[in-house]
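Chemist: Sequence plus predicted model, see below.
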Amino acid sequence: MSTNHNSSDESGVSRRGFLKGIGVGTATGVLSDSSLHEAKAAEPGVKGPGETAIILRINGENKQLNVEPRVTLLDALRNRLDLTGPKKVCDRGTCGACTVLLDGDPIYACSVLAIEVQGRDITTVEGLGSPDQMNAVQKAFVERDAQQCGFCTPGFVTACSAFVRDNPNASVDDVCNGLGGNLCRCGTYAGMVLAASDAAKEKGGA
């Protein structure tokens, strides 16, 4: 006895029809997502996905550049403006090598988007002083020989500058607690802590 295997189920939908329906539905979904993306990009105030013009105030000067909205402040500084003091080390907001000052407060430049900090004052290590006119922290770092490979040094100097400004006469323990967000892979902490303590004493007049 022969048995007929009907490719349609009881609802009358064949396997081929079912698969074609899935294909059409998927394509429709992709088209809908694409249309939605284009509609969002066309909305007023929405930036991207391509480059957009922004102005950053860095070390007292306005800098105009074009970046995609996803570009971090760190990448904008290093790759677009040639400000290579902030270092790209962990790139995940844990080591502090990319520390800059945002309105005077230390932040990780790898963890904020460049487009988000327009209209705010950004200070990199280049804006703290120069070899001919160093600030108190930079002088102390030189005198205490508080650096080895140098990758973490700019971040430490920047974070220290903000710390001693707000904590004159800080003790060594205060310095250790205040700079806990910066790491030195070379282990040059002794010199760095002494440098920050010296700068704090100078700020406090002790």
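Modeler: Nice, thanks for sending it over. Numbers count the residues shown, from 1 in each chain.

Chemist: Take stretch 46-59, keep the C-alpha atoms, and write them as PDB.
Modeler: Presented in PDB, the C-alpha positions along stretch 46-59 are these (Å, rounded to 0.1, in the frame of the first residue of the first chain):
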ATOM      1  CA  VAL A  46      20.400  63.600  16.000                       C
ATOM      2  CA  LYS A  47      24.100  63.200  15.000                       C
ATOM      3  CA  GLY A  48      25.700  60.500  12.900                       C
ATOM      4  CA  PRO A  49      26.300  57.900  11.800                       C
ATOM      5  CA  GLY A  50      28.800  59.900   9.700                       C
ATOM      6  CA  GLU A  51      31.200  62.600  10.800                       C
ATOM      7  CA  THR A  52      29.800  65.800  12.300                       C
ATOM      8  CA  ALA A  53      31.500  69.100  13.000                       C
ATOM      9  CA  ILE A  54      32.200  69.800  16.700                       C
ATOM     10  CA  ILE A  55      34.200  72.500  18.600                       C
ATOM     11  CA  LEU A  56      36.200  71.500  21.600                       C
ATOM     12  CA  ARG A  57      37.800  74.000  24.000                       C
ATOM     13  CA  ILE A  58      41.200  72.600  24.800                       C
ATOM     14  CA  ASN A  59      43.900  74.300  26.900                       C
END
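
Chemist: So which residues make contact with it?
Modeler: Stretch 46-59 is touched from outside by 40-41, 62-70, 73, 76-77, 81, 83, 114-115, 117-124, 126-127, with contacts defined as CB atoms under 8 Å, 6 or more residues apart in numbering. C-beta coordinates here come from the backbone N, C-alpha and C atoms, glycine included.

Chemist: Just the buried ones out of the residues you listed, please.
Modeler: Neighbour counting by 16 or more other CB atoms under 10 Å classes 63, 65, 67, 69, 73, 76-77, 83, 114-115, 117, 122-124, 126-127 among these as buried.

Chemist: so residue 188 touches residue 148, yeah?
Modeler: Yes. If you go by CB atoms under 8 Å, residue 188 and residue 148 touch, sitting 5.1 Å apart.

Chemist: Comparing the two, which residue is more hemmed in?
Modeler: residue 188 (21 against 14; other CB atoms under 10 Å).

Chemist: so who does that one touch?
Modeler: Residues in contact with residue 188 (CB under 8 Å, 6+ apart) are 146-148.

Chemist: now do 10 Å
Modeler: Counting by CB atoms under 10 Å, 6 or more residues apart in numbering, residue 188 touches 141, 144-150, 152-153, 156, 195.

Chemist: Ok, residue 199 next?
Modeler: 135-141, 143-144, 157, 160-161, 163-165, 168, 170, 175.

Chemist: which of the residues you listed are buried?
Modeler: 135-138, 140-141, 144, 157, 160-161, 163-165, 170, 175.

Chemist: so of those, which ones are in helices?
Modeler: 136-138, 140-141, 157, 160-161, 163-165, 175 (DSSP state H).

Chemist: can I assume residue 148 is in contact with residue 187?
Modeler: Yes. Judged on CB atoms under 10 Å, residue 148 makes contact with residue 187 at a distance of 8.2 Å.

Chemist: could you say which helix or strand contains residue 65?
Modeler: Assigned by DSSP states H and E, residue 65 falls within strand 61-67.

Chemist: Nothing else from me, thank you.
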